[in-house]
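> here is my input, please return the structure:
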Amino acid sequence: MASYMYKVLGTPTGTTKNTISVWFKRSKLTSSQGLVFANGNAGGLTLNSDDKLQSYNAGGALKPNRLFRDTSAWYHVVLTTDTTLGTADDRLKMYINGVQETSFATRTNPSVNATSNLGTATEHIIGANNDPANYYDGLMSHVQMVDGLALAPTEFGQYDANGVWTIKTSS
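Numbers count the residues shown, from 1 in each chain. I've put the predicted structure just below:
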């Protein structure tokens with residue numbers, strides 16, 4: 001049985017800046033699977049059938065060249081949006097396991113001051129896309145959406161003594 005979670009959020013504090021952080025471990029490859037979406041396909045993360053991660057937000061899109069095919073590994077993705085920035089490539093950033101992605105199959109930058117549906121009073125879906133369909137098949141942990149701030153991945157993760165990227169938890 002396919003399942004997902006959703007919530008309609010309250011009044012946003014800022015629609016030009018936000019951050020999504022998701023830890024995930026895949027179970028199924030070569031299928032489209034939604035991780036996190038704001039209704040209307042206006043913002044979120046999905047795994048495509050080519051095993052690449054795709055992000056959308058504020059009219060921009062990022063699709064790294066990296067493949068996500070290791071079903072034994074946990075991945076951490078952070079998507080930051082800050083459309084108030086003057087440099088186009090700084091407005092939408094993606095980090096995988098603490099490292100900023102710089103090689104993209106697709107890159108479309110948001111316009112200056114473009115607004116995002118992430119964090120607004122619209123349905124937010126975890127574990128499917130905006131239909132909902134393309135249900136996620138795997139594990140997810142520490143799914144976080146921060147409205148009004150574009151945060152660094154070090155807010156959510158850290159390197160341990162062995163150089164492995166791990167979840168940062170507070171005391």
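
> and for Pro64, the neighbour number?
By other CB atoms under 10 Å, 20 other residues sit near Pro64. All C-beta atoms are positioned from the backbone trio N, CA, C, and that covers glycine.

> that one against Met94, yeah?
Yes - using CB atoms under 8 Å, Pro64 is in contact with Met94, at 6.5 Å.

> between the two, which contacts overlap?
Residues touching both Pro64 and Met94 (CB atoms under 8 Å, 6 or more residues apart in numbering): Leu53, Glu101.

> can you show me the strands along the protein?
5-8, 17-26, 33-38, 43-47, 53-57, 60-64, 75-82, 92-96, 99-100, 104-108, 123-126, 138-147, 157-159, 165-167 (DSSP state E).

> need the ones you listed in JSON lines (columns: distance to Asn117 and mean pLDDT).
Output for these, formatted as JSON lines (distance: least, CB to CB, whole Å; pLDDT from 0 to 100):
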{"stretch": "strand 5-8", "distance to Asn117": "12", "mean pLDDT": "81"}
{"stretch": "strand 17-26", "distance to Asn117": "10", "mean pLDDT": "95"}
{"stretch": "strand 33-38", "distance to Asn117": "4", "mean pLDDT": "87"}
{"stretch": "strand 43-47", "distance to Asn117": "5", "mean pLDDT": "90"}
{"stretch": "strand 53-57", "distance to Asn117": "8", "mean pLDDT": "92"}
{"stretch": "strand 60-64", "distance to Asn117": "13", "mean pLDDT": "96"}
{"stretch": "strand 75-82", "distance to Asn117": "11", "mean pLDDT": "96"}
{"stretch": "strand 92-96", "distance to Asn117": "14", "mean pLDDT": "97"}
{"stretch": "strand 99-100", "distance to Asn117": "24", "mean pLDDT": "98"}
{"stretch": "strand 104-108", "distance to Asn117": "16", "mean pLDDT": "96"}
{"stretch": "strand 123-126", "distance to Asn117": "9", "mean pLDDT": "84"}
{"stretch": "strand 138-147", "distance to Asn117": "11", "mean pLDDT": "92"}
{"stretch": "strand 157-159", "distance to Asn117": "26", "mean pLDDT": "96"}
{"stretch": "strand 165-167", "distance to Asn117": "27", "mean pLDDT": "96"}
